[in-house]
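Enquirer: I would like to see how this sequence folds:
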Amino acid sequence: MLAVTQFFGFEVLKSELAMRIFVPSEYLPYVEDIEFMFRNKGAGATINPNYMGGYMAMIFPMIFVRYLYSRTVRETVIWLVAFIIGLTGFFAPTSMAAFIAGGIAIIFFLVISRKDAGKYYKKLIATIVILIVITGISEPLSGGAIGRKISGFYRNSFELIRERMDEGVTVRQDFSGDVAAGESEGKEIVIYRNPLDTFASNRGYIWRKSLEMMKDNLLIGSGLDTFVYNFPHWDPHRDHSVYRIGLLIDKPHNTYIQIATGVGVLGLFVYLFVLGRHLFYYLRIYRLRGVKEESDLIMLALFIGWVGYLIQGLSNDSVLSNAPVFWALFGISVNYVKNAMIIEKDVIRKKPGGKINLDERLKPPPEEKTKGQKGTKKKKKK
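Expert: Residues are numbered from 1 along each chain as shown. The predicted structure follows:
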């Protein structure tokens, strides 16, 4: 809700009541004219709209799933209201990473749950209508924030790349003043720029330099939270119109690169292995059980939100405002899979070697023959 108010230009945290609550009275005179960094962008309590976007990329798909599978009228109304608020909160940070991650997570859900489409297709149509209406209302009220973000993303990620590929990757700067006793007069400096540096709101440059930085400690990394000390901040080829002189880049803006630079490729492999293993077994359990009970529905919603978070990690860091929620969802989902395996033990068989195959069903155990049935041997009397 806080992010929604910020999206529409009203800063709740800047109100007199909020100032009196959060700021000691002796410091109030010094913060009366404080200005927030972002306008018509919802950051909530996460400081940065990108972090808020990453959070909503996880929460909004969960609400979406619960609404589609709501059964009673009461549930439908509650989750419809939650969906409208969640959708507005999803738009509030105007984060392209969140838009893309949430969209992919929802498409992923529609693919794996296509057998249930007949149950929720009417509500799906309703969500599309609500999406169009809220977009139409939010765009003018936010000063065109969503449109500017989408057009800016397209400009930086595609048009500039195409222009630079056509023109080349060098920038030449001429000097005509008295520099170094006239030695540099009439000379030029050639700055090399990679065409992909502007990709994903100029994240391409950070990713490229981060991957170059990993070469020195490829296997074990340079240590957690040491990125800011190893990044080449004084690179002469960086675009100073985007990254001003003196600006310290302290994060790679990519969760997977963040892990690789901190604990190396080995640590990244372990991280991906754990996540991939859970993804594999959850999908097997889901294919086996579907949505039988309320717990299955809750876990499906949590899992889709979990997927949304993993996708947004491609352009956002793992930060304190989001990561604990993600790991809590992960732990709950792992526990669900473990319990589901026990419940569905009649369709799980261990192959030689200990590998579990959820596709094969156990044959029913042979019935024990009781006394009096045919085929029982009687003891011969001596």
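Enquirer: residues touching P61, list them.
Expert: G102, A105, I106, F109, A301, I304, G305, V307, G308 (C-beta atoms under 8 Å, 6 or more residues apart in numbering). Where C-beta positions appear, they are placed from N, C-alpha and C, glycine not excepted.
Enquirer: what about 7 Å?
Expert: G102, A105, I106, F109, I304, G305, G308 (C-beta atoms under 7 Å, 6 or more residues apart in numbering).
Enquirer: how far away is it from G103?
Expert: 9 Å (C-beta to C-beta, to the nearest Å).
Enquirer: just after the lengthiest helix in the chain, pick out the following helix or strand.
Expert: Looking across the chain with DSSP state H, the single longest helix is helix 255-289. Tracing the chain C-terminally past helix 255-289 and defining elements by DSSP states H and E, one meets helix 294-312 next.
Enquirer: list the buried ones in that following helix?
Expert: Residues of helix 294-312 classed as buried: 296-312 (neighbour count, 16 or more other C-beta atoms under 10 Å).
Enquirer: any chance you could map the helices in this structure?
Expert: Under DSSP H, the chain gives helices at 2-7, 16-22, 49-68, 73-91, 96-112, 117-141, 145-154, 160-167, 199-213, 227-230, 255-289, 294-312, 323-343.
Enquirer: so where's the stretch 1-150 of the chain uncertain?
Expert: Within the stretch 1-150 of the chain, the stretches with pLDDT under 70 are 3-9, 32-40, 42, 142.
Enquirer: kindly recompute the last result at 80.
Expert: The stretch 1-150 of the chain contains residues with pLDDT under 80 at 1-23, 25, 27-47, 138-150.
Enquirer: can I get the contacts of P61 in CSV with distance to D197?
Expert: Listed next are these as CSV, based on distance: C-beta to C-beta, whole Å:
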residue, distance to D197
G102, 26
A105, 28
I106, 31
F109, 34
I304, 33
G305, 32
G308, 27
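Enquirer: so which of the residues you listed comes closest to A92?
Expert: G102 (12.6 Å; C-beta to C-beta).
Enquirer: can you get me a residue count around the nearest residue to that closest one once chain neighbours are set aside?
Expert: Once flanking residues are discounted, G102 sits nearest to A57: 4.6 Å by C-beta to C-beta, 6 or more residues apart in numbering. Neighbour count for A57, taken as other C-beta atoms under 10 Å: 31.
Enquirer: surely A57 and I100 touch.
Expert: No. Counting by C-beta atoms under 7 Å, I100 is not a contact partner of A57; they are 8.5 Å apart.
Enquirer: picking up where we left off before, helices or strands up against the longest helix of the chain?
Expert: helix 199-213, helix 294-312, helix 323-343 (3 or more C-beta pairs under 7 Å, 6 or more residues apart in numbering; DSSP states H and E).
Enquirer: including distance to P49 and mean pLDDT, could those helices go into TSV?
Expert: Shown next, in TSV, are those (distance: least, C-beta to C-beta, whole Å; pLDDT from 0 to 100):
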stretch	distance to P49	mean pLDDT
helix 199-213	12	87
helix 294-312	13	94
helix 323-343	17	91
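Enquirer: using TSV, lay out those helices together with distance to L68.
Expert: Output for these, formatted as TSV (distance: least, C-beta to C-beta, whole Å):
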stretch	distance to L68
helix 199-213	30
helix 294-312	9
helix 323-343	19
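Enquirer: how about those helices, which one is nearest L247?
Expert: With C-beta to C-beta, the closest approach to L247 among the helices and strands packed on helix 255-289 belongs to helix 199-213: 11.4 Å.
Enquirer: now that closest one against helix 145-154, angle please.
Expert: 50 degrees (axes from the mean of the first three to the mean of the last three C-alpha atoms, to 10 degrees).
Enquirer: quick one: distance of helix 199-213 to the chain centre.
Expert: 18 Å (C-alpha atoms, centre = their mean, to the nearest Å).
Enquirer: same question for stretch 279-291.
Expert: 22 Å.
Enquirer: try stretch 225-236
Expert: Worked out by C-alpha atoms, centre = their mean, stretch 225-236 lies 25 Å from the chain centre.
Enquirer: how about that stretch: buried residues?
Expert: Residues of stretch 225-236 classed as buried: F227, N230, F231, H233 (neighbour count, 16+ other C-beta under 10 Å).
Enquirer: please apply the same query to stretch 332-341.
Expert: S333, Y336, V337, A340, M341.
Enquirer: repeat for stretch 105-125
Expert: A105, I106, F108, F109, L110, S113, Y120, K123.
Enquirer: nearest to Y281, of those?
Expert: Nearest member of the buried residues of stretch 105-125 to Y281, counting by C-beta to C-beta, is F108, at 16.5 Å.
Enquirer: any idea how far S318 is from the closest one?
Expert: For F108, the distance to S318 - C-beta to C-beta - is 21 Å.
Enquirer: again, but for Y120
Expert: From Y120 to S318 the distance is 33 Å (C-beta to C-beta).
Enquirer: cool, and T261?
Expert: From T261 to S318 the distance is 12 Å (C-beta to C-beta).
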